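Chemist: The sequence and its predicted three-dimensional model are supplied below.
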Amino acid sequence: MASEGPGSGIISPRIGEGRRRLAAVMFADIAGYTAMTQRNETKALEVIEENRKLVRSTLSSHGGTEVKTIGDALLVEFDSAFEATRCAVQIQQLLHERNSSVLPEMALQARIGIHLGDVVHSSDDAYGDAVNIASRIEPLASPGGVCFSEQVYDQVRNKAEFPISALGKQQLKNVQFPLEVYKVVFPWESSSSRPVSSQRDKTRIAVLPFTNISSDSKDEYFADGLTEELIANLSSVAGLRVIARTSVMRFKGSNKGVGEISNELSVGSILEGSVRKAGTKLRVSAQLIDSATEEHVWAQTYDKELEDVFAIQTDIAQKVTSSLRVKLLSSEIESMDSRSTKNMEAYTLYLKGRHHWNKRNEAGLTTGAKFFELAIHEDPGYALAYAGLADCYSLMGFYAFRSPTAVYPKARELVQRALELDDGLAEVHASLGEILMHHYWDWPGAEASLKRAIALKPNHATSHLWLATYLQARGLVEDSLVEEKKCLELDPLSLIGNSDLAKTYYFLRRFDAAEVQYRKALDLDSSFAIAHKGLAEVYALTGRHEEALLEIHKALDLSGGTPLFIKDDLGFVYALSGKPDKARALVKELKAESSVRYVPPYGIAVIHFALGETIEGFEWLEKAYKERCFLTFIKIDPVFDGVRKDPRFVALLQGMGLAD
């Protein structure tokens, strides 16, 4: 049990009175609080209460216990140094998000210090080495920063979410011997304060797209598939942090050097190589490069038969892990081996399926599904092929290329079959979580599946992204920011990851921050239709109607007008921009189109609501409810703010299990 109230100083009964114990202690205080008090005491008191509220909101999920408040500082105790560090990072992330959308004079910044050592409890207080040293480390942190001792570093060095920089030995006040102190380096810090590549953690690694040097360009899928499988194998190693496929594939065919790429991805190591496939013969060359020196740490060439590709993948992963001095568990080796089929034809078909699935358009999903079906025919026991086919059906439903009721049940059945064949595949648990969330509204099941996926593979960026989606759907939008950040730490150049973070700000009604983040996504790729669609929504709700129309037309042009969830946004923008006739004409067009293909009723409902046509809006929203179409974010989407208290809307939330 945590303290009974703010500043009460009452200690949880689980902590034994007068008993010495090993604990992680965190000190957090507000930077510049004294000066703030002198300028405006009332405002300072508001700030300190806001800071305490934010800190307290993070404690329970990390096992933290508030011991007491000391002026503007909080003393918190944890059983785990790892959880203490995660909690501190989350606090600073939340504060950074808050500060990005307020005026500079309203910014709230904290310093945090952590130490692992002995703590003794007496009455309503705690004292001992851990408390003393943590309180001395805290001032070493910059505003918005986290510093900790070597004892904590030893516990988190291979698990940290962000790079760690050594500050060297520090002589702390009233501490006899100098202590090694470290700091977390956050992505938003200035380049001068961030570690150069020589300081980066070598266990943060990017697998660059392997080059296809086969005589047949049609073998490109094989090189891409080998890259993807190596990422998957290395991601199963707990001691490594591996950049996701979507970020590294942006460097395919790039002329950028190792140093430039490592800086963009903030990695300490890079694995690159080439593939030559000729008939049944296979040559794979791979080299591990230190991003600081650009020197080879390890390199090897494999001349094997095609059927030996699975052994090659496992051996490369083992050699890379060994070179980086990371302990490889036998269970992790088994996980690598279990991904494979022994049927070479099935494996080749699977790689072709993933090649087309990664295009994420209607034609790609349809073609990919055919290849996955052929792979299953070749090897009915190939779990990943079932998962690939499930992912095709799931995305067809999510993007409304097919009716959700037609494809999601198929996807669920296929995922269940994949789990029966292999329960240890993180990607399959993640797929199940997404299906249960978007179509079945099974919130406990979705949460359990997504957390199981992350437990199996903490490096799986998509699992963090979908867990963020789950938290948003449940109304826990602030909490979802942490998972969004974890996704982008693993997949920094992901277009959908960056756009989903912008969507989170949109759900929080922080429209300025949403616009900035959508612009960041478009800086990565100006042709990304989803980001233009998101900007249109932001502009529409903030009265910038002409800009909204410009952005939605860009989205339609770039997408070819095929995704109807973009097309119906045009009607929404028309309605809000004082063009009701055009909005109604588009509704008529969508209804006519529904006679020849699936048209999501959700979009038509939104247009009616924007037109103020509440009766028609609820008629179409009821159809969306029956078809389980696009309602995941109904609890938090601003477009429904005008009808949120309507009994019909409350009934829909209750039916979805989302009512408060």
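Modeler: Yes, it's here.

Chemist: Which pLDDT value does the model give Q654?
Modeler: Per-residue confidence (pLDDT) for Q654: 96.

Chemist: ok, A238 to P458 distance?
Modeler: 7 Å (C-beta to C-beta, to the nearest Å). Heads up, the C-betas are built off the backbone N, CA and C, glycines and all.

Chemist: Between those two, tell me which one has more neighbours.
Modeler: Neighbours per residue (other C-beta atoms under 10 Å) separate A238 from P458, with P458 holding more: 20 against 17.

Chemist: quick one: the strands in the stretch 151-300 of the chain?
Modeler: 164-170, 179-184, 204-207, 211-212, 241-242, 269-278, 281-290, 296-305 (DSSP state E, counting those that start in this stretch).

Chemist: What's the mean pLDDT across the second one?
Modeler: Here strand 179-184 scores 88 as its mean pLDDT.

Chemist: ok now that strand, how far from the chain's centre?
Modeler: Strand 179-184 has its C-alpha centroid displaced from the chain centroid by 27 Å (C-alpha atoms, centre = their mean, to the nearest Å).

Chemist: who does it pair up with?
Modeler: Strand pairing for strand 179-184, using DSSP bridges, gives strand 146-149 (antiparallel), strand 164-170 (antiparallel).

Chemist: Can you pull out the residues in contact with that strand?
Modeler: Strand 179-184 has contacts (C-beta atoms under 8 Å, 6 or more residues apart in numbering) with 85, 88-89, 92, 133, 137, 140-142, 145-150, 152-153, 160, 162-170, 172.

Chemist: Repeat that for the fourth one.
Modeler: Applying C-beta under 8 Å, 6+ apart, the contact partners of strand 211-212 are D219, E220, F222, A223, G273, S274, V275.

Chemist: Next secondary structure element downstream of the helix or strand containing L419?
Modeler: Taking DSSP states H and E as the criterion, the element that holds L419 is helix 404-421. Downstream of helix 404-421, the next assigned helix or strand under DSSP H and E is helix 426-435.

Chemist: Output that next one as PDB, nothing but the C-alphas.
Modeler: This file holds the C-alpha atoms of helix 426-435, laid out as PDB (Å, rounded to 0.1, in the frame of the first residue of the first chain):
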ATOM      1  CA  ALA A 426       6.200 -12.900 -29.900                       C
ATOM      2  CA  GLU A 427       4.900 -11.700 -33.300                       C
ATOM      3  CA  VAL A 428       2.000 -14.200 -33.100                       C
ATOM      4  CA  HIS A 429       1.000 -13.100 -29.600                       C
ATOM      5  CA  ALA A 430       1.100  -9.400 -30.800                       C
ATOM      6  CA  SER A 431      -1.100 -10.300 -33.800                       C
ATOM      7  CA  LEU A 432      -3.600 -11.900 -31.500                       C
ATOM      8  CA  GLY A 433      -3.600  -8.900 -29.200                       C
ATOM      9  CA  GLU A 434      -4.300  -6.600 -32.200                       C
ATOM     10  CA  ILE A 435      -7.200  -8.800 -33.400                       C
END
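
Chemist: by contact count, what packs against the helix or strand just after that helix?
Modeler: Following helix 426-435 in sequence order, the next helix or strand is helix 443-456 (DSSP H and E). Helix 443-456 sits against helix 426-435, helix 461-473, with contacts defined as 3 or more C-beta pairs under 8 Å, 6 or more residues apart in numbering; DSSP states H and E.

Chemist: Run through who's touching the shortest one.
Modeler: Spelled out, that is helix 426-435. Counting by C-beta under 8 Å, 6+ apart, 232, 236, 383-384, 387, 390-391, 394, 408, 411-412, 415-416, 418-419, 422, 445-450, 452-454, 456-457, 460, 462-463, 466-467, 469-470 sit against helix 426-435.

Chemist: Would you list the buried entries among the residues you listed?
Modeler: 232, 236, 383-384, 387, 390-391, 394, 408, 411-412, 415, 418-419, 422, 446-447, 449-450, 452-454, 456-457, 460, 462-463, 466-467, 469-470 (16 or more other C-beta atoms under 10 Å).

Chemist: Pick out the shakiest of the strands of the stretch 151-300 of the chain, pLDDT-wise.
Modeler: Among the strands of the stretch 151-300 of the chain, strand 164-170 scores lowest, with a mean of 80.

Chemist: Can you mark which positions in it are buried?
Modeler: Those would be I164, S165, for strand 164-170 by 16+ other C-beta under 10 Å.

Chemist: Same question for stretch 513-529.
Modeler: A513, A514, E515, Q517, Y518, A521, L522, L524, F528, A529.

Chemist: Of the contacts of strand 211-212, just say which sits nearest to P580.
Modeler: Relative to P580, the closest of these is E220; by C-beta to C-beta it sits at 49.5 Å.

Chemist: Mind listing the residues bridging to the residue nearest to that closest one when sequence neighbours are not counted?
Modeler: Sequence neighbours aside, N212 is the residue nearest to E220 in space, at 4.9 Å (criterion: C-beta to C-beta, 6 or more residues apart in numbering). Counting by DSSP bridges, N212 is bridged to V275.

Chemist: So N212 versus G368, what's the distance?
Modeler: Using C-beta to C-beta, N212 is found at 19 Å from G368.

Chemist: Who has more neighbours out of the two?
Modeler: Between N212 and G368, counted using other C-beta under 10 Å, G368 has the larger neighbour count: 24 against 21.

Chemist: Phi and psi next, for N358.
Modeler: phi -70, psi -10 (degrees, to the nearest 10).

Chemist: Would you confirm that it contacts T367?
Modeler: No. With contact defined as C-beta atoms under 8 Å, N358 does not count as touching T367 (11.4 Å).

Chemist: more crowded one of these two?
Modeler: T367 (18 against 15).

Chemist: Return the strand or helix carrying the more buried one as PDB; C-alpha atoms alone will do.
Modeler: According to DSSP H and E, T367 maps onto helix 362-378. What follows is helix 362-378, C-alpha atoms only, in PDB (Å, rounded to 0.1, in the frame of the first residue of the first chain):
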ATOM      1  CA  GLU A 362      -4.400  -3.900 -51.100                       C
ATOM      2  CA  ALA A 363      -2.600  -5.600 -54.000                       C
ATOM      3  CA  GLY A 364       0.400  -6.500 -51.700                       C
ATOM      4  CA  LEU A 365      -1.800  -8.000 -49.000                       C
ATOM      5  CA  THR A 366      -3.800 -10.100 -51.600                       C
ATOM      6  CA  THR A 367      -0.600 -11.400 -53.300                       C
ATOM      7  CA  GLY A 368       1.100 -12.000 -49.900                       C
ATOM      8  CA  ALA A 369      -1.900 -14.000 -48.700                       C
ATOM      9  CA  LYS A 370      -1.500 -16.300 -51.800                       C
ATOM     10  CA  PHE A 371       2.100 -17.000 -51.000                       C
ATOM     11  CA  PHE A 372       1.400 -17.700 -47.400                       C
ATOM     12  CA  GLU A 373      -1.300 -20.200 -48.400                       C
ATOM     13  CA  LEU A 374       1.200 -21.900 -50.700                       C
ATOM     14  CA  ALA A 375       3.700 -22.100 -47.800                       C
ATOM     15  CA  ILE A 376       1.200 -23.700 -45.500                       C
ATOM     16  CA  HIS A 377       0.300 -26.200 -48.300                       C
ATOM     17  CA  GLU A 378       4.000 -27.100 -48.500                       C
END
